[in-house]
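# Using only what follows, build the 3D model:
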Amino acid sequence: MAMLPKTFPPFPERSDIDLYASITAAREVGGDLYDYFIRNDRLFFCIGDVSGKGIPAALLMAVVRAMLRSEARRSDTAQGIVGMMNHNLSHEYTAGYFVTMFVGILDLATGRLDYCNAGHEAPIINGKPLPIKPNLPVGALSDWQDQGQETVLQSGDLIFLYTDGLTESMDSAR
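Numbers count the residues shown, from 1 in each chain. Reported below is the predicted structural model:
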């Protein structure tokens, strides 16, 4: 958890974006992750969930976050980032782990959102699910060809990203 960004607002000098993230561990250490950074007036961001629980999932989460930043230096598309992460993860890690992820690149000047969803929950934009193509999780199948998508966001649009921890949560009274 200490490896994830925790400074909010993360870009106080910018008036064109407002970003907030929160993570709450349910029972034990796990592999939920998120990350974001701005490069060349584009916001790169992701949310993900490593399969499994405990220390192995948490360690793989740290590796996946580093992979994202590394691949974002080489590729300017969400599909390219996810594809290379899938290639690397499926060839390097054979323990049966995989990662559901949503990777987005938002052009802050135009509102164009380039995204690729790798088996993750569909983000919600202004109360409606974002259409997603059925890609496999990162690391599930080495020769999988991910499909990217794009849409255009308007000023004031709200994107809500989440992991299955939200959909699987239970009432505390039960």
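# Now do the lengthiest helix in the chain: which elements does it pack against?
Assignment by DSSP state H gives helix 54-74 as the longest helix of the chain. Packing partners of helix 54-74 (3 or more C-beta pairs under 8 Å, 6 or more residues apart in numbering; DSSP states H and E): strand 32-39, strand 42-50, helix 78-92, strand 99-107. For the C-beta atoms, the positions are set from N, CA and C on the backbone; glycine is no exception.
# Which strands and helices lie in contact with the longest one?
Put plainly, it is helix 78-92. helix 54-74, strand 99-107, strand 112-118.
# Could I get the pLDDT score of the closest residue to residue 145 other than its chain neighbours?
Leaving out its chain neighbours, the residue that sits closest to residue 145 by C-beta to C-beta, 6 or more residues apart in numbering is residue 83, at 7.4 Å. Note for residue 83: predicted pLDDT of 96.
# Give the buried residues for the longest helix of the chain.
The neighbour-count check on helix 54-74 (16 or more other C-beta atoms under 10 Å) flags 56, 57, 58, 60, 61, 63, 64, 65, 67, 68, 71, 72 as buried.
# now that we're looking at the fifth one, how far away is residue 18 from it?
Using C-beta to C-beta, to the nearest Å, one obtains 25 Å as the distance from residue 61 to residue 18.
# so where is the chain shaky, pLDDT-wise?
1-3, 6, 25-30, 93-94, 164-174 (pLDDT under 70).
# swap the cut-off to 50 and go again
Along the chain, segments meeting pLDDT under 50 are nowhere present.
# nearest to residue 142, of the buried residues of helix 54-74?
Closest approach to residue 142 among the buried residues of helix 54-74 (C-beta to C-beta): residue 67, at 14.8 Å.
# residues contacting the residue nearest to that closest one when sequence neighbours are not counted?
Computed as C-beta to C-beta, 6+ apart, the closest residue to residue 67 that is not its neighbour in sequence is residue 85, at 5.1 Å. Counting by C-beta atoms under 8 Å, 6 or more residues apart in numbering, residue 85 touches 64, 67, 68, 71, 101, 138, 139.
# Residue 47 is in contact with the third one, correct?
No: contact criterion C-beta atoms under 8 Å: residue 68 and residue 47 do not qualify, at 10.7 Å.
# Save the contacts of residue 85 as a markdown table, and put in distance to residue 5 too.
Formatted as a markdown table, these follow (distance: C-beta to C-beta, whole Å):
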| residue | distance to residue 5 |
| --- | --- |
| 64 | 15 |
| 67 | 16 |
| 68 | 12 |
| 71 | 18 |
| 101 | 16 |
| 138 | 20 |
| 139 | 23 |
